[in-house]
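Novice: here is my input; please provide its structure:
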Amino acid sequence: MAHLYASGFKTLELPALLKYLQQQIPFPDRSFAITFDDGYQSVFEQAFPVLQRYGFSATVFLTTGENGDSSDGRRLPSMCGRSMLSWSEIKEMHRSGVHFGAHTLTHPNLTRLPNERIKAEVSGSQQIIEDALGEQSTCFAYPYGSYNACVREIVRQHFMSAYSDTLGLAHVRSDIFAIERVDAYYLRSERSFSMISSRLFPWYIRARNIPRQIRRSASFTDK
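Specialist: Model (predicted):
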């Protein structure tokens with residue numbers, strides 16, 4: 001983040017990003033959006049102070065759980081044995097300008113569920129967030145990046161945009177209900193991260209996407 005800040009990058013909030021996509025207007029130079037999936041406590045403990053230091057915005061997609069209790073002391077249900085955000089932490093970040101989107105109730109692969117359960121997972125998480133924060137939740141991220149035509153249509157009925165895990169840069173022709181993202185996994189080294197500010201960055205992402213797509217195709221075939 002220090003590198004991006006020093007290089008003159010500025011964050012776009014997702015409603016602004018969506019507006020550019022809808023109007024098919026090129027993004028401002030040196031602009032990017034930050035998103036976090038799931039809602040791990042590390043977002044509050046580690047990422048939030050850094051965002052504040054550099055004046056960057058971000059959106060966190062929450063896996064809310066099913067009980068709908070958003071009282072301050074409650075935490076989101078644990079995932080992978082890791083501690084999740086509490087609603088008091090979520091509300092504190094929200095007051096400071098961090099946005100929150102939905103990531104379902106229980107983080108299932110939506111493509112494997114019947115329609116009624118998909119609707120419950122999608123709309124239920126949205127309602128919990130809206131009730132807790134007192135404002136409309138307009139964006140959604142697909143668990144595991146998995147969606148099909150049915151899932152996309154249900155999400156479209158509830159949200160203004162949705163985010164996939166398709167490795168790529170958002171552009172004027174992006175599907176606003178399957179917007180591409182660049183996983184930080186591909187930016188782990190100092191060398192790869194420094195490429196963000198170079199003209200080679202789009203080519204780097206395309207190159208990294210080739211073996212990723214091969215692995216996913218092989219995995220799909222094995223199933």
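Novice: residue 9 against residue 31, yeah?
Specialist: Yes - in this structure, residue 9 is within contact of residue 31 by CB atoms under 8 Å, at 7.0 Å. Every C-beta, even on glycine, is put in place using the N, C-alpha and C of the backbone.
Novice: the more surrounded of the two?
Specialist: Neighbour count, other CB atoms under 10 Å: between residue 9 and residue 31, residue 9 has more, with 17 against 14.
Novice: ok now do that one, which residues does it touch?
Specialist: By CB atoms under 8 Å, 6 or more residues apart in numbering, the contact list for residue 9 reads 30-32, 196-197.
Novice: can you tell me which of the residues you listed has the most neighbours?
Specialist: Of all the contacts of residue 9, residue 196 has the most neighbours under the rule other CB under 10 Å, reaching 18 neighbours.
Novice: so who does that residue touch?
Specialist: Residues in contact with residue 196 (CB under 8 Å, 6+ apart) are 3-4, 7, 9, 32, 187.
Novice: sorry, back to before: just the contacts of residue 9: which are in strands?
Specialist: Counted as lying in strands by DSSP state E, out of the contacts of residue 9, are 31-32.
Novice: and which of the contacts of residue 9 is nearest residue 115?
Specialist: The nearest member of the contacts of residue 9 to residue 115, counting by CB to CB, is residue 32 at 35.2 Å.
Novice: per-residue confidence at the closest one?
Specialist: If you check residue 32, the pLDDT there is 96.
Novice: re earlier: residues shared between the contacts of residue 9 and residue 31?
Specialist: If you check residue 9 and residue 31 against CB under 8 Å, 6+ apart, no residue is contacted by both.
Novice: check the offset of the longest helix seen in the chain from the chain's centre.
Specialist: For the chain, the helix that runs over the most residues, judged by DSSP state H, is helix 201-222. Averaging C-alpha positions (CA atoms, centre = their mean, to the nearest Å) puts helix 201-222 20 Å from its chain's average.
Novice: do the same with stretch 114-122
Specialist: 20 Å.
Novice: pLDDT of it, averaged?
Specialist: For stretch 114-122, mean pLDDT is 98.
Novice: tell me the buried residues in it?
Specialist: For stretch 114-122, burial by neighbour count (16 or more other CB atoms under 10 Å) applies to 118, 120-122.
Novice: for stretch 173-182, same thing?
Specialist: Within stretch 173-182, the residues scored as buried using 16+ other CB under 10 Å are 174, 176-182.
Novice: of those, which pair is most distant in space?
Specialist: Farthest pair in the buried residues of stretch 173-182 (CB to CB) is 177 and 182. Separation: 18.5 Å.
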